[in-house]
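Asks: all I have is the shape, not the residue letters:
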(Lines give C-alpha, C1' and ligand atoms only; values in the text may rest on other atoms or scores of the structure.)
Protein backbone atom coordinates (compact mmCIF):
# COMPACT_ATOMS: atom_id res chain seq x y z
CA UNK A 1 0.00 0.00 0.00
CA UNK A 2 1.30 3.45 -0.88
CA UNK A 3 2.04 5.82 1.98
CA UNK A 4 0.10 8.50 0.15
CA UNK A 5 -3.58 8.78 1.05
CA UNK A 6 -4.22 10.21 -2.40
CA UNK A 7 -2.57 7.21 -4.04
CA UNK A 8 -4.50 4.91 -1.76
CA UNK A 9 -7.77 6.56 -2.76
CA UNK A 10 -6.91 6.04 -6.41
CA UNK A 11 -6.18 2.37 -5.77
CA UNK A 12 -9.38 1.97 -3.78
CA UNK A 13 -11.45 3.73 -6.42
CA UNK A 14 -10.26 1.33 -9.10
CA UNK A 15 -11.04 -1.71 -7.00
CA UNK A 16 -14.07 -3.96 -7.36
CA UNK A 17 -17.28 -1.98 -7.57
CA UNK A 18 -19.32 -1.45 -4.43
CA UNK A 19 -21.86 -4.19 -3.70
CA UNK A 20 -24.93 -3.22 -1.68
CA UNK A 21 -26.31 -5.36 1.12
CA UNK A 22 -29.79 -4.94 2.52
CA UNK A 23 -31.17 -6.13 5.82
CA UNK A 24 -34.09 -5.14 8.04
CA UNK A 25 -33.86 -2.56 10.80
CA UNK A 26 -32.58 -3.37 14.26
CA UNK A 27 -33.96 -2.80 17.74
CA UNK A 28 -35.85 0.34 18.72
CA UNK A 29 -33.85 3.47 19.44
CA UNK A 30 -34.56 6.22 21.94
CA UNK A 31 -32.17 8.85 23.23
CA UNK A 32 -30.76 7.58 26.48
CA UNK A 33 -32.20 4.10 25.93
CA UNK A 34 -30.46 1.35 27.90
CA UNK A 35 -28.63 -1.30 25.90
CA UNK A 36 -29.07 -5.08 26.03
CA UNK A 37 -27.63 -6.85 29.06
CA UNK A 38 -25.13 -8.66 26.88
CA UNK A 39 -23.60 -5.36 25.80
CA UNK A 40 -23.44 -4.14 29.38
CA UNK A 41 -21.69 -7.34 30.44
CA UNK A 42 -19.16 -6.91 27.66
CA UNK A 43 -18.46 -3.30 28.58
CA UNK A 44 -17.78 -4.33 32.16
CA UNK A 45 -14.83 -6.35 30.89
CA UNK A 46 -13.15 -3.30 29.32
CA UNK A 47 -9.58 -3.37 30.58
CA UNK A 48 -9.12 0.33 29.85
CA UNK A 49 -11.98 1.45 32.09
CA UNK A 50 -11.46 3.65 35.12
CA UNK A 51 -13.90 4.95 37.69
CA UNK A 52 -16.04 8.02 37.01
CA UNK A 53 -13.81 10.24 39.14
CA UNK A 54 -11.17 10.17 36.38
CA UNK A 55 -13.32 12.46 34.23
CA UNK A 56 -13.18 15.07 36.98
CA UNK A 57 -9.49 14.67 37.76
CA UNK A 58 -8.21 16.62 34.76
CA UNK A 59 -7.07 13.48 32.95
CA UNK A 60 -7.63 13.53 29.19
CA UNK A 61 -8.07 10.88 26.53
CA UNK A 62 -5.43 11.04 23.78
CA UNK A 63 -6.76 11.03 20.22
CA UNK A 64 -4.92 9.96 17.09
CA UNK A 65 -6.37 11.71 14.01
CA UNK A 66 -6.66 9.33 11.05
CA UNK A 67 -6.90 11.37 7.86
CA UNK A 68 -6.02 15.06 7.55
CA UNK A 69 -8.95 16.29 5.47
CA UNK A 70 -11.32 19.22 5.86
CA UNK A 71 -13.43 17.87 8.70
CA UNK A 72 -10.46 16.84 10.85
CA UNK A 73 -8.29 19.91 10.23
CA UNK A 74 -11.02 22.56 10.13
CA UNK A 75 -13.43 21.21 12.73
CA UNK A 76 -12.42 18.31 14.99
CA UNK A 77 -8.85 19.31 15.79
CA UNK A 78 -9.61 23.00 16.47
CA UNK A 79 -12.65 21.95 18.49
CA UNK A 80 -10.67 19.61 20.72
CA UNK A 81 -7.86 22.13 21.15
CA UNK A 82 -10.14 25.06 22.04
CA UNK A 83 -13.13 23.56 23.85
CA UNK A 84 -12.39 20.02 25.02
CA UNK A 85 -12.48 19.18 28.73
CA UNK A 86 -11.47 15.52 28.54
CA UNK A 87 -9.71 15.09 25.17
CA UNK A 88 -6.35 15.99 23.67
CA UNK A 89 -4.54 15.51 20.35
CA UNK A 90 -1.51 13.23 20.55
CA UNK A 91 -0.91 11.67 17.10
CA UNK A 92 -1.81 11.89 13.41
CA UNK A 93 -2.01 9.47 10.48
CA UNK A 94 -1.38 10.83 7.00
CA UNK A 95 0.16 9.76 3.71
CA UNK A 96 1.91 13.13 3.32
CA UNK A 97 4.77 13.55 5.78
CA UNK A 98 5.30 17.27 5.16
CA UNK A 99 1.63 18.04 5.77
CA UNK A 100 1.57 15.82 8.85
CA UNK A 101 4.64 17.55 10.28
CA UNK A 102 3.09 20.97 9.74
CA UNK A 103 -0.14 19.94 11.50
CA UNK A 104 1.74 18.16 14.28
CA UNK A 105 3.84 21.25 14.96
CA UNK A 106 0.70 23.42 14.96
CA UNK A 107 -0.91 21.30 17.69
CA UNK A 108 2.18 20.44 19.71
CA UNK A 109 2.16 16.79 18.64
CA UNK A 110 5.50 14.97 18.70
CA UNK A 111 6.87 14.13 15.26
CA UNK A 112 7.50 10.65 16.65
CA UNK A 113 3.70 10.31 16.80
CA UNK A 114 3.21 10.73 13.03
CA UNK A 115 2.11 7.54 11.27
CA UNK A 116 1.14 6.63 7.70
CA UNK A 117 -1.27 4.11 6.22
CA UNK A 118 1.38 1.42 5.96
CA UNK A 119 2.65 1.52 9.55
CA UNK A 120 -0.75 2.33 11.07
CA UNK A 121 -0.56 -0.71 13.38
CA UNK A 122 2.36 0.94 15.17
CA UNK A 123 -0.15 3.05 17.10
CA UNK A 124 -0.47 -0.02 19.32
CA UNK A 125 2.93 0.81 20.80
CA UNK A 126 2.09 4.43 21.68
CA UNK A 127 0.55 4.51 25.19
CA UNK A 128 -0.48 8.16 24.75
CA UNK A 129 -3.04 7.08 22.13
CA UNK A 130 -6.28 5.97 23.78
CA UNK A 131 -8.60 6.41 20.78
CA UNK A 132 -8.57 7.17 17.07
CA UNK A 133 -10.78 9.64 15.22
CA UNK A 134 -11.39 8.24 11.73
CA UNK A 135 -12.07 10.97 9.16
CA UNK A 136 -11.43 9.02 5.96
CA UNK A 137 -13.74 8.42 2.98
CA UNK A 138 -16.67 6.14 3.87
CA UNK A 139 -15.27 3.11 2.10
CA UNK A 140 -12.18 3.15 4.33
CA UNK A 141 -14.02 3.35 7.68
CA UNK A 142 -14.35 -0.38 8.22
CA UNK A 143 -10.72 -1.25 7.53
CA UNK A 144 -9.26 1.45 9.75
CA UNK A 145 -11.74 0.84 12.54
CA UNK A 146 -10.93 -2.86 12.60
CA UNK A 147 -7.18 -2.21 12.47
CA UNK A 148 -7.49 0.28 15.34
CA UNK A 149 -9.45 -2.18 17.47
CA UNK A 150 -6.81 -4.86 16.86
CA UNK A 151 -4.21 -2.31 17.97
CA UNK A 152 -6.12 -1.91 21.23
CA UNK A 153 -7.56 1.56 20.58
CA UNK A 154 -11.08 2.90 21.04
CA UNK A 155 -12.73 4.34 17.90
CA UNK A 156 -14.65 7.50 17.08
CA UNK A 157 -15.66 7.03 13.42
CA UNK A 158 -17.25 9.64 11.19
CA UNK A 159 -20.66 8.95 9.70
CA UNK A 160 -21.85 7.20 7.67
CA UNK A 161 -20.42 4.28 9.59
CA UNK A 162 -19.47 2.31 6.44
CA UNK A 163 -20.63 1.47 2.93
CA UNK A 164 -22.40 -1.80 3.73
CA UNK A 165 -24.36 -3.45 6.51
CA UNK A 166 -21.79 -6.25 6.55
CA UNK A 167 -18.95 -3.76 7.10
CA UNK A 168 -20.85 -2.19 10.01
CA UNK A 169 -21.37 -5.57 11.60
CA UNK A 170 -17.67 -6.41 11.23
CA UNK A 171 -16.68 -3.11 12.86
CA UNK A 172 -18.95 -3.81 15.83
CA UNK A 173 -17.63 -7.36 16.15
CA UNK A 174 -13.98 -6.26 15.99
CA UNK A 175 -14.39 -3.63 18.71
CA UNK A 176 -16.36 -6.05 20.86
CA UNK A 177 -13.69 -8.72 20.49
CA UNK A 178 -10.99 -6.22 21.46
CA UNK A 179 -13.03 -4.77 24.37
CA UNK A 180 -12.84 -1.32 22.80
CA UNK A 181 -15.54 1.34 22.54
CA UNK A 182 -16.96 2.14 19.10
CA UNK A 183 -18.76 5.46 18.68
CA UNK A 184 -20.14 6.98 15.47
CA UNK A 185 -19.71 10.75 15.16
CA UNK A 186 -23.35 11.86 15.14
CA UNK A 187 -22.32 15.27 16.48
CA UNK A 188 -25.85 16.70 16.49
CA UNK A 189 -26.99 14.21 19.10
CA UNK A 190 -24.70 16.10 21.50
CA UNK A 191 -25.57 19.60 20.25
CA UNK A 192 -27.68 21.82 22.61
CA UNK A 193 -30.17 23.17 20.05
CA UNK A 194 -30.93 19.66 18.79
CA UNK A 195 -31.28 18.37 22.35
CA UNK A 196 -33.58 21.30 23.18
CA UNK A 197 -35.75 20.48 20.15
CA UNK A 198 -36.00 16.84 21.22
CA UNK A 199 -36.89 17.93 24.75
CA UNK A 200 -39.65 20.24 23.51
CA UNK A 201 -41.19 17.38 21.53
CA UNK A 202 -40.93 14.92 24.41
CA UNK A 203 -42.59 17.45 26.71
CA UNK A 204 -45.52 17.79 24.31
CA UNK A 205 -44.89 21.33 23.06
CA UNK A 206 -46.29 20.42 19.62
CA UNK A 207 -48.68 17.70 20.84
CA UNK A 208 -48.58 14.34 19.09
CA UNK A 209 -46.22 14.26 16.13
CA UNK A 210 -48.08 14.00 12.84
CA UNK A 211 -45.38 14.66 10.26
CA UNK A 212 -41.65 15.15 9.94
CA UNK A 213 -40.10 17.00 7.00
CA UNK A 214 -36.32 16.98 6.53
CA UNK A 215 -34.00 18.06 3.74
CA UNK A 216 -30.28 18.59 3.27
CA UNK A 217 -28.36 19.14 0.05
CA UNK A 218 -25.64 21.07 -1.72
CA UNK A 219 -24.24 21.53 -5.21
CA UNK A 220 -21.25 19.20 -5.38
CA UNK A 221 -18.15 19.99 -7.41
CA UNK A 222 -16.85 17.61 -10.07
CA UNK A 223 -13.90 15.50 -8.98
CA UNK A 224 -14.98 15.04 -5.33
CA UNK A 225 -14.29 11.57 -3.91
CA UNK A 226 -17.97 11.55 -2.86
CA UNK A 227 -18.85 10.97 -6.52
CA UNK A 228 -16.85 7.71 -6.52
CA UNK A 229 -19.23 4.90 -5.56
CA UNK A 230 -16.52 2.60 -4.21
CA UNK A 231 -15.32 5.30 -1.82
CA UNK A 232 -18.66 6.89 -0.95
CA UNK A 233 -21.08 3.94 -1.08
CA UNK A 234 -23.64 6.07 -2.89
CA UNK A 235 -24.57 9.69 -3.48
CA UNK A 236 -26.08 12.33 -1.20
CA UNK A 237 -28.14 9.79 0.74
CA UNK A 238 -24.95 8.45 2.34
CA UNK A 239 -23.36 11.87 2.80
CA UNK A 240 -26.00 14.39 3.90
CA UNK A 241 -29.24 12.43 3.61
CA UNK A 242 -28.16 10.36 6.60
CA UNK A 243 -28.63 13.50 8.73
CA UNK A 244 -32.31 13.48 7.78
CA UNK A 245 -32.70 9.77 8.55
CA UNK A 246 -31.06 10.16 11.94
CA UNK A 247 -33.09 13.31 12.72
CA UNK A 248 -36.39 11.58 11.98
CA UNK A 249 -35.43 8.80 14.35
CA UNK A 250 -34.29 10.95 17.26
CA UNK A 251 -37.11 13.48 16.86
CA UNK A 252 -39.84 10.84 16.75
CA UNK A 253 -38.13 8.46 19.18
CA UNK A 254 -39.22 5.62 16.90
CA UNK A 255 -37.84 3.30 14.24
CA UNK A 256 -39.53 3.30 10.80
CA UNK A 257 -41.71 0.34 9.92
CA UNK A 258 -41.56 0.97 6.16
CA UNK A 259 -39.75 3.17 3.64
CA UNK A 260 -40.39 4.24 0.06
CA UNK A 261 -37.59 5.84 -1.96
CA UNK A 262 -37.00 7.49 -5.33
CA UNK A 263 -33.63 8.42 -6.84
CA UNK A 264 -32.96 10.52 -9.93
CA UNK A 265 -30.25 12.18 -12.00
CA UNK A 266 -31.34 15.48 -13.56
CA UNK A 267 -28.02 17.18 -14.38
CA UNK A 268 -26.45 15.11 -17.15
CA UNK A 269 -23.09 16.85 -16.79
CA UNK A 270 -20.90 13.83 -16.01
CA UNK A 271 -20.81 14.23 -12.22
CA UNK A 272 -23.35 11.50 -11.58
CA UNK A 273 -22.07 8.60 -13.66
CA UNK A 274 -21.60 6.44 -10.53
CA UNK A 275 -23.93 7.85 -7.89
CA UNK A 276 -27.39 9.39 -7.82
CA UNK A 277 -27.96 13.16 -7.77
CA UNK A 278 -31.23 13.27 -5.81
CA UNK A 279 -33.08 10.98 -3.42
CA UNK A 280 -36.56 11.55 -2.01
CA UNK A 281 -38.08 9.14 0.47
CA UNK A 282 -40.94 8.62 2.88
CA UNK A 283 -40.95 6.74 6.17
CA UNK A 284 -43.82 5.44 8.30
CA UNK A 285 -43.47 4.98 12.08
CA UNK A 286 -45.40 2.74 14.50
CA UNK A 287 -47.33 5.63 16.05
CA UNK A 288 -48.68 6.71 12.66
CA UNK A 289 -46.15 9.53 12.25
CA UNK A 290 -44.94 9.93 8.66
CA UNK A 291 -41.76 11.53 7.37
CA UNK A 292 -40.89 13.03 3.99
CA UNK A 293 -37.23 13.73 3.17
CA UNK A 294 -35.12 15.02 0.30
CA UNK A 295 -31.39 15.10 -0.29
CA UNK A 296 -29.43 16.31 -3.30
CA UNK A 297 -25.99 16.92 -4.75
CA UNK A 298 -27.49 19.23 -7.36
CA UNK A 299 -28.73 22.18 -5.33
CA UNK A 300 -27.82 24.41 -2.41
CA UNK A 301 -31.13 24.19 -0.58
CA UNK A 302 -32.43 27.45 0.84
CA UNK A 303 -33.03 25.61 4.10
CA UNK A 304 -31.18 22.55 5.36
CA UNK A 305 -33.82 21.85 7.94
CA UNK A 306 -36.10 19.62 9.94
CA UNK A 307 -39.69 20.63 10.60
CA UNK A 308 -42.06 18.80 12.93
CA UNK A 309 -45.82 19.27 12.67
CA UNK A 310 -47.81 18.20 15.71
CA UNK A 311 -51.44 18.28 16.79
CA UNK A 312 -50.94 21.51 18.79
CA UNK A 313 -47.97 23.25 17.16
CA UNK A 314 -44.74 23.02 15.22
CA UNK A 315 -41.03 22.88 16.01
CA UNK A 316 -38.40 23.71 13.39
CA UNK A 317 -34.62 23.87 13.10
CA UNK A 318 -33.37 25.90 10.15
CA UNK A 319 -30.50 25.54 9.54
CA UNK A 320 -30.46 22.19 11.29
CA UNK A 321 -27.25 20.42 10.31
CA UNK A 322 -24.58 23.13 10.12
CA UNK A 323 -21.53 23.42 12.33
CA UNK A 324 -22.76 26.69 13.83
CA UNK A 325 -25.59 29.26 13.86
CA UNK A 326 -28.39 26.69 14.22
CA UNK A 327 -31.81 28.24 14.74
CA UNK A 328 -34.56 26.50 16.71
CA UNK A 329 -38.08 27.94 16.68
CA UNK A 330 -41.52 26.85 17.78
CA UNK A 331 -45.08 27.94 17.11
CA UNK A 332 -48.17 26.97 19.08
CA UNK A 333 -51.60 26.40 17.60
CA UNK A 334 -52.71 29.92 18.58
CA UNK A 335 -49.86 31.42 16.54
CA UNK A 336 -47.47 32.26 19.38
CA UNK A 337 -43.90 32.02 18.10
CA UNK A 338 -40.79 31.44 20.22
CA UNK A 339 -37.10 31.45 19.34
CA UNK A 340 -35.50 28.66 21.40
CA UNK A 341 -32.04 28.98 19.79
CA UNK A 342 -28.94 28.49 21.93
CA UNK A 343 -25.66 30.13 20.95
CA UNK A 344 -22.99 27.50 20.33
CA UNK A 345 -19.49 28.54 19.15
CA UNK A 346 -17.98 26.71 16.21
CA UNK A 347 -16.50 24.03 16.41
CA UNK A 348 -17.75 23.11 19.88
CA UNK A 349 -19.96 20.33 18.45
CA UNK A 350 -16.83 18.32 17.71
CA UNK A 351 -15.35 18.83 21.16
CA UNK A 352 -18.59 17.56 22.68
CA UNK A 353 -18.57 14.30 20.74
CA UNK A 354 -14.89 13.74 21.49
CA UNK A 355 -15.53 14.34 25.17
CA UNK A 356 -18.52 12.00 25.17
CA UNK A 357 -16.34 9.10 24.08
CA UNK A 358 -13.73 10.16 26.65
CA UNK A 359 -16.39 10.08 29.37
CA UNK A 360 -17.55 6.66 28.18
CA UNK A 361 -13.99 5.35 28.47
CA UNK A 362 -13.54 6.89 31.92
CA UNK A 363 -16.92 5.73 33.20
CA UNK A 364 -16.97 2.40 31.34
CA UNK A 365 -20.31 2.98 29.62
CA UNK A 366 -21.72 2.49 26.13
CA UNK A 367 -21.61 5.61 23.88
CA UNK A 368 -25.01 7.08 23.08
CA UNK A 369 -24.21 6.78 19.37
CA UNK A 370 -22.47 3.41 19.44
CA UNK A 371 -21.86 1.26 16.39
CA UNK A 372 -25.38 -0.16 16.59
CA UNK A 373 -26.71 3.35 15.89
CA UNK A 374 -24.70 3.63 12.69
CA UNK A 375 -25.82 0.14 11.67
CA UNK A 376 -29.50 1.09 12.02
CA UNK A 377 -29.07 4.05 9.66
CA UNK A 378 -27.20 1.90 7.12
CA UNK A 379 -30.05 -0.59 7.08
CA UNK A 380 -32.50 2.22 6.36
CA UNK A 381 -30.26 3.61 3.61
CA UNK A 382 -30.07 0.22 1.94
CA UNK A 383 -33.85 -0.17 2.21
CA UNK A 384 -34.36 3.21 0.53
CA UNK A 385 -32.12 2.16 -2.36
CA UNK A 386 -33.91 -1.18 -2.61
CA UNK A 387 -37.25 0.60 -2.71
CA UNK A 388 -36.05 2.91 -5.48
CA UNK A 389 -34.68 -0.01 -7.51
CA UNK A 390 -37.78 -2.19 -7.10
CA UNK A 391 -40.43 0.55 -7.23
CA UNK A 392 -42.18 -0.50 -4.04
CA UNK A 393 -42.29 0.22 -0.34
CA UNK A 394 -39.93 -1.87 1.80
CA UNK A 395 -41.08 -3.08 5.18
CA UNK A 396 -38.46 -2.84 7.90
CA UNK A 397 -37.94 -5.63 10.40
CA UNK A 398 -38.33 -4.33 13.95
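Replies: Yep, that arrived. Bear in mind that the values here come from a model prediction, so they are computed numbers and not experimental data.
Asks: nearest residue to the middle of this structure?
Replies: Geometric centre of the chain, nearest residue: residue 159, 2.9 Å, by Cα atoms, centre = their mean.
Asks: that one in helix, strand or coil?
Replies: Here residue 159 takes the coil state, with states given by DSSP: H, G, I helix; E, B strand; the rest coil.
Asks: what residues are up against it?
Replies: Counting by Cβ atoms under 8 Å, 6 or more residues apart in numbering, residue 159 touches 184, 185, 186, 242, 246, 374, 377. All C-beta atoms are positioned from the backbone trio N, CA, C, and that covers glycine.
Asks: name the residues of stretch 150-159 that are buried.
Replies: 151, 152, 153, 154, 155, 156, 157, 158, 159 (16 or more other Cβ atoms under 10 Å).
Asks: buried residues of the helix or strand containing residue 77, list them for me.
Replies: Secondary-structure assignment from DSSP states H and E places residue 77 in helix 77-83. Judged by neighbour count (16+ other Cβ under 10 Å), helix 77-83 contains these buried residues: 77, 78, 79, 80, 81, 83.
Asks: residue 180: neighbouring residues, count only.
Replies: Other residues lying near residue 180 total 24 when counted by other Cβ atoms under 10 Å.
Asks: list phi and psi for it.
Replies: Here is the backbone geometry of residue 180 (degrees, to the nearest 10): phi -110, psi 150.
Asks: test my guess that it contacts residue 151.
Replies: No. At 9.2 Å, residue 180 and residue 151 do not qualify as touching, with contact defined as Cβ atoms under 8 Å.
Asks: low-confidence ranges, the stretch 251-398 of the chain, go.
Replies: Along the stretch 251-398 of the chain, the model assigns pLDDT under 70 to residues 398.
Asks: at 80 what do you get?
Replies: When the per-residue scores of the stretch 251-398 of the chain are filtered using pLDDT under 80, the ranges that remain are 301-303, 398.
Asks: now do the helices in this structure.
Replies: When assigned using DSSP state H, the helices of the chain occupy the ranges 5-13, 37-43, 70-71, 77-83, 97-106, 141-150, 165-177, 192-202, 229-232, 236, 242-252, 348-363, 371-390.
Asks: still on that earlier bit, quick check: the two most widely separated of the buried residues of stretch 150-159?
Replies: 152 and 159 (23.8 Å; Cβ to Cβ).
Asks: quick one: pLDDT of residue 2?
Replies: Residue 2 carries a pLDDT score of 39 in this model.
Asks: also the one 3 residues further on?
Replies: Residue-level confidence at residue 5 comes out at 45, pLDDT.
Asks: quick one: strands adjacent to the strand of greatest length in the chain?
Replies: Counting residues, the longest strand in the chain under DSSP state E turns out to be strand 209-217. Partner strands for strand 209-217, per DSSP bridges, with pairing direction: strand 290-296 (parallel), strand 305-310 (antiparallel).
Asks: I'd like the ones you listed as JSON lines, with mean neighbour count and distance to residue 238 appended.
Replies: What follows is the strands paired with strand 209-217, written out as JSON lines (neighbours: other Cβ atoms under 10 Å; distance: least, Cβ to Cβ, whole Å):
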{"stretch": "strand 290-296", "mean neighbour count": "23", "distance to residue 238": "9"}
{"stretch": "strand 305-310", "mean neighbour count": "22", "distance to residue 238": "19"}
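Asks: quick one: those as a markdown table, columns for distance to residue 205 too.
Replies: Converted to a markdown table, the strands paired with strand 209-217 look like this (distance: least, Cβ to Cβ, whole Å):
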| stretch | distance to residue 205 |
| --- | --- |
| strand 290-296 | 19 |
| strand 305-310 | 8 |
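Asks: okay, now the closest residue to residue 326 other than its chain neighbours: neighbour count?
Replies: Taking Cβ to Cβ, 6 or more residues apart in numbering as the measure, residue 326 lies nearest to residue 193, with 4.4 Å between them; neighbours along the chain are not counted. Close neighbours of residue 193, defined as other Cβ under 10 Å, add up to 20.
Asks: could you measure from residue 193 over to residue 309?
Replies: Residue 193 sits 19 Å away from residue 309, taking Cβ to Cβ, to the nearest Å as the criterion.
Asks: output the below-cut-off pLDDT ranges for the stretch 51-200 of the chain.
Replies: If you take pLDDT under 80 as the line, the stretch 51-200 of the chain has these spans: 51-57.
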